[in-house]
Structure formats: C-alpha cells, structure tokens
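*Asks:* this is a predicted model, with the sequence first.
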Amino acid sequence: MKRIDTTKPFLPVRIAVMTVSDTRTLETDKSGQILVDRLQAAGHVLAARSIEPDDADRIVARLEEWIADPQIDVVITSGGTGVTGRDVTPEAFERVIEKRIEGFGELFRMLSYQKIGTSTIQSRALAGVARGTYLFALPGSSGAVKDGWDDILVFQLDSRHMPCNFVELMPRLQER
C-alpha cells in the first residue's frame, strides 16, 4: 500500500548512482539515466554518478568513497547482480555492508516475478546499510531499475511515506 502523508514535509535525500558495466558510458547508460531522472523528478539530489567496470575491487573502492562522504545518504547501483562470472556487485556489497536489508531483494523479486515470471530468480538484487549510508543494488536492465525505483525506492526514500520509511531512520542508523 502506497500512502503519502501530505501534512509532513518532504525531505530530499542525496543519492549517488553507480552503473556497473564493462561496456556502458555516460552517453549509453540508459539505466543509470533512468535512475537519475526519476530521483530528481521525485525531488531528491543527485550527489554523484559513476560507471565502474565489473570488478569487485573497483566497486568496493567507489562504495567506500561514497560511504565516507557525508554529502551522500544513499547509493543505488545498476548492474552486475546476475549469476555470470562477471557479475560481482553482490560480492562487492558484502564487503562493505554492516547490516543487510533482507526484505529489499525479496520484495524486488516478488514484484519482478509479476512482470517477468521465473526469470526473476536470476536477480541477486540486495540492500544494506554501511556506516549510516543506505546501499541498494539493482539489476542493470532499464525495466529492473524502473521497477526498483517506481515500486519500492520512490516510497521508502520519501519522508512522508506511511506507516514508515527509510528516511525517518537516517538519524539513527549509526546508533550503538
């Protein structure tokens, strides 16, 4: 159920977008551009953008850089979540995540199943938190990033979404 409480203020989130691909450039990165367009249309701020090769060390290095940046609240990646030998985004995420958000991947695959059937089993979409930064890994297809944003993230990254959302938890992510 998608409920927005219009009496609450909208709080823009600073989001970095990373495309994981050996072949895409900023000019050909359709999925990354879809995320940029959607997050900005929702009122959020594009804090950074990059394209990284399918190399776990390079992905981790960029994630670490962005996690350490106080001007980045959320990182969304596109690509590298499949099961081929070059798909290493989940392995890179596992190296930096402190807490997994198990329901994200489960919900993504449930919603995706309604559109692409059993092919969704090939997705290893996942999410977690690292040092107060949310991390979301989506598959690289334009349909997958639309589904991940339109059906999940646009609501969970909206401070007005009820009964709860990720934004309201941001001040408490580093509690001990």
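*Replies:* It's in. The structure displayed is predicted, hence computed values, not measured ones.
*Asks:* now do the contacts for residue 19.
*Replies:* Contacts for residue 19 were tallied using C-beta atoms under 8 Å, 6 or more residues apart in numbering; they are 29, 31-32, 50-52, 77-79, 140. For glycine as for every other residue, the C-beta is placed from the backbone atoms N, C-alpha and C.
*Asks:* what do you get if the cut-off is 7 Å, keeping everything else the same?
*Replies:* Neighbouring residues of residue 19 by C-beta atoms under 7 Å, 6 or more residues apart in numbering: 29, 31-32, 51, 78-79.
*Asks:* show me which of those residues is closest to residue 172.
*Replies:* residue 78 (27.8 Å; C-beta to C-beta).
*Asks:* about what we covered before: compare the contacts of residue 19 and tell me which has the most neighbours.
*Replies:* Among the contacts of residue 19, residue 78 has the most neighbours (other C-beta atoms under 10 Å), with 30 neighbours.
*Asks:* leaving aside the residues next to it on the chain, what's closest to that one?
*Replies:* Excluding its sequence neighbours, the residue lying closest to residue 78 (C-beta to C-beta, 6 or more residues apart in numbering) is residue 31, at 4.4 Å.
*Asks:* now residue 173: how far from residue 112?
*Replies:* Per C-beta to C-beta, to the nearest Å, residue 173 is found 27 Å from residue 112.
*Asks:* same question but for residue 133, I mixed them up
*Replies:* Residue 133 is 25 Å from residue 112, by C-beta to C-beta.
*Asks:* then residue 6?
*Replies:* Applying C-beta to C-beta, the value for residue 6 to residue 112 is 30 Å.
*Asks:* now do residue 136
*Replies:* In this view, residue 136 and residue 112 are 14 Å apart by C-beta to C-beta.
*Asks:* more crowded one of those two?
*Replies:* More neighbours surround residue 136 than the other of residue 136 and residue 112, with 27 against 22 (other C-beta under 10 Å).
*Asks:* let me see the confidence value for the more buried one.
*Replies:* As summarised for this prediction, residue 136 has a pLDDT of 98.
*Asks:* A helix includes it, no?
*Replies:* No. Using DSSP: H, G, I helix; E, B strand; the rest coil, the assignment for residue 136 is strand, not a helix.
*Asks:* so it touches residue 81, yeah?
*Replies:* No. Using C-beta atoms under 7 Å, residue 136 is not in contact with residue 81, being 10.6 Å away.
*Asks:* buried stuff in the helix or strand residue 62 falls within?
*Replies:* Element membership for residue 62, per DSSP states H and E: helix 56-68. Residues of helix 56-68 classed as buried: 56, 59-60, 62-63, 66-67 (neighbour count, 16 or more other C-beta atoms under 10 Å).
*Asks:* just give me the longest helix of this protein.
*Replies:* Longest helix in the chain, counting residues (DSSP state H): helix 102-116.
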